[in-house]
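Trainee: Fold the following and give me the result.
(one chain, ligands or ions: 1)
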Amino acid sequence: MVGAEDIVSRDRQALWHPYSPMPAAIPPLEVVSARGTRLQLADGRELVDGMSSWWATIHGYRHPVLDEAVRGQLDQMAHVMFGGLTHRPAVELAELLVDITPGDLAHVFLCDSGSVAVEVAMKMALQYWLGRGRAEKHRLLAVRSGYHGDTLGAMGVCDPVTGMHHMFSAVLQQQLFAPTPTPRFGERLTDEDTTSIAALLAAHRGEVAAVILEPVVQGAGGMRFYSPGYLAAVRSLCDEYEVLLIADEIATGFGRSGELFGCDHAGIAPDIMCVGKAMTGGYLSMAAVLCRPDVARWVSRAEAGALMHGPTFMGNPLGCAVALASIRLLLEGPWQSRVSAMEARLRQGLSPAAGLANVADVRVLGAIGVIETVEPLPMAAMQEVFLEHGVWLRPFGRLLYTMPPYISTEDDIDRIAGAMVGVAERVNPG
Ligand SMILES: *Cc1c(COP(=O)(O)O)cnc(C)c1O
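Mentor: Below is the predicted model:
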């Protein structure tokens with residue numbers, strides 16, 4: 001107990017936390033270890049993880065296969081530079097990614113994080129048009145309610161309001177934005193749903209390099225699920241107006257929405273795709289950008305004669321080895337039936353929230369469950385209720401949401417859903 005307080009007070013002297021002032025508004029909880037779906041706190045409490053450490057730990061913590069993959073690679077080499085050198089884990093990971101992603105995505109750029117993957121994807125799109133002698137095609141077209149990361153380039157294509165563009169307007173690239181994709185998942189697309197994005201593409205086709213969006217599930221920009229029909233329509237519009245399509249699958253990749261990739265709901269393939277988060281099973285920070293052969297060809301013919309990016313830790317062998325192990329583990333198991341069982345259980349568990357006064361919407365897709373409230377709820381009061389239920393969740397704004405590890409039991413899911421409904425029932429706005 002004393003030890004726990006000591007670490008927390010030292011944390012508050014020294015460390016920033018995500019989207020936090022210094023020190024953070026609510027003291028963090030000290031985690032000493034984690035196993036399966038459980039986080040072990042320094043004060044002896046154990047919490048059921050409802051977050052998968054932000055979409056990443058799909059197989060849970062300390063999975064023996066993943067632990068072994070890291071240990072095995074550690075005995076070979078933890079890291080080696082990727083400029084001029086290569087290694088088996090990187091090659092096998094790239095081949096596997098090419099194999100399982102849709103369409104003819106054939107080439108892979110490995111990088112450190114999701115935000116960096118988005119930067120690289122945007123540079124790829126710009127250099128593609130430079131290669132084709134169309135330098136004027138240098139703007140991105142994004143959709144509202146999107147989220148693509150926190151670096152400046154990625155921020156520029158996040159939702160302008162929730163992404164706080166006004167604070168950084170002096171340095172952000174002015175991109176184009178279509179309205180939030182509609183209709184909702186499961187509803188039929190009508191012509192009106194794509195009128196605005198079609199008009200934007202028609203008006204700006206000469207200057208737009210690429211459309212960037214999250215396929216079917218919009219994550220941190222609003223936890224919304226939209227119709228695969230919209231995605232298919234955008235794919236056709238991109239072809240019609242000679243614009244590349246960048247699919248940001250960093251949150252949706254590796255089964256989370258019920259298909260292996262969000263694009264698979266619509267049966268389409270992008271020209272460039274970003275994956276990250278769950279790729280390493282939550283073990284190490286690594287992401288990848290895939291592209292079609294044609295994209296790579298024109299990038300390589302652009303003025304620089306090369307894709308102008310090269311992170312120090314590119315292709316990190318530990319990351320590649322554990323990503324390979326994590327993806328193989330996923331594909332060897334019955335992930336699809338597991339995710340659909342989680343979907344059914346979440347639907348059942350969250351349904352009591354639907355009638356509550358402060359609840360605007362309850363929605364579930366794959367292993368993602370969301371309660372959207374009418375008014376935002378105070379964080380400290382929510383956290384108290386979660387801890388009473390023995391559950392770890394991290395809501396934002398009006399969104400109570402969960403994306404549990406795929407190994408979660410029915411009992412784990414029921415506890416998570418119970419905690420979310422409990423918060424919606426008991427915590428008052430303001
Ligand atoms: C998390 C996320 C990112 C950014 O990834 P980081 O690894 O946090 O940089 C980008 N796009 C989407 C859709 C994400 O969910």
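Trainee: Could I get the full set of helices for the stretch 101-250 of the chain?
Mentor: Secondary structure of the stretch 101-250 of the chain by DSSP state H, counting those that start in this stretch: the helices cover 114-131, 152-155, 192-204, 228-240.
Trainee: From the contact counts, what lies against the longest one?
Mentor: Counting by 3 or more CB pairs under 8 Å, 6 or more residues apart in numbering; DSSP states H and E, the packing neighbours recorded for helix 114-131 are strand 107-111, helix 152-155, strand 208-213, strand 244-248, strand 272-275, strand 287-291, helix 293-301. Placement of C-beta: from N, CA and C, glycine included.
Trainee: one more time with 10 Å
Mentor: strand 107-111, strand 139-143, helix 152-155, strand 208-213, strand 244-248, strand 272-275, strand 287-291, helix 293-301 (3 or more CB pairs under 10 Å, 6 or more residues apart in numbering; DSSP states H and E).
Trainee: which parts of the stretch 251-400 of the chain sit against the ligand?
Mentor: Ala251, Gly276, Lys277 (CB under 6 Å from any ligand atom).
Trainee: For the second one, grab the count of nearby residues.
Mentor: The local packing of Gly276 (other CB atoms under 10 Å) involves 29 other residues.
Trainee: Number of residues surrounding the residue of the stretch 51-200 of the chain found nearest the ligand?
Mentor: The minimum distance from the stretch 51-200 of the chain to the ligand, using CB to the nearest ligand atom, falls at Gly114 (2.0 Å). Gly114 is flanked by 29 other residues according to other CB under 10 Å.
Trainee: so who does it touch?
Mentor: Residues near Gly114 by CB atoms under 10 Å, 6 or more residues apart in numbering: 54-55, 147-151, 154, 248-251, 274-277, 279, 285-288.
Trainee: and if we set it to 8 Å?
Mentor: Gly149, Ile250, Cys274, Gly276, Lys277, Ala287 (CB atoms under 8 Å, 6 or more residues apart in numbering).
Trainee: how about the nearest residue to the third one once chain neighbours are set aside, what does it touch?
Mentor: For Cys274, the nearest residue in space outside its immediate sequence neighbours is Ala117; the separation is 4.1 Å by CB to CB, 6 or more residues apart in numbering. With contact set as CB under 8 Å, 6+ apart, Ala117 has these partners: Cys111, Gly149, Ile250, Cys274, Val275, Gly276, Ala287, Ala288, Val289.
Trainee: Tell me which residue lies nearest the centroid of the chain.
Mentor: By CA atoms, centre = their mean, the chain has its centre lying nearest to Ala251, at 2.1 Å.
Trainee: from memory that one sits against Val216, does it?
Mentor: No. Contact criterion CB atoms under 8 Å: Ala251 and Val216 do not qualify, at 10.5 Å.
Trainee: Where does the prediction get shaky in the protein?
Mentor: Within the chain, the stretches with pLDDT under 70 are 1-5.
Trainee: coming back round to it: wait, which of the contacts of Ala117 is closest to Ala321?
Mentor: Looking at the contacts of Ala117 and their distance to Ala321, the nearest is Ala288, at 14.3 Å (CB to CB).
Trainee: picking up where we left off before, present the helices and strands packed on helix 114-131 as TSV; the columns should include mean neighbour count.
Mentor: Converted to TSV, the helices and strands packed on helix 114-131 look like this (neighbours: other CB atoms under 10 Å):
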stretch	mean neighbour count
strand 107-111	23
strand 139-143	24
helix 152-155	20
strand 208-213	26
strand 244-248	28
strand 272-275	28
strand 287-291	28
helix 293-301	17
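Trainee: on that earlier part again, which ones are touching the residue nearest to the centre of the chain?
Mentor: Ala251 is in contact with Trp55, Glu214, Val217, Gly219, Ala220, Lys277, counting by CB under 8 Å, 6+ apart.
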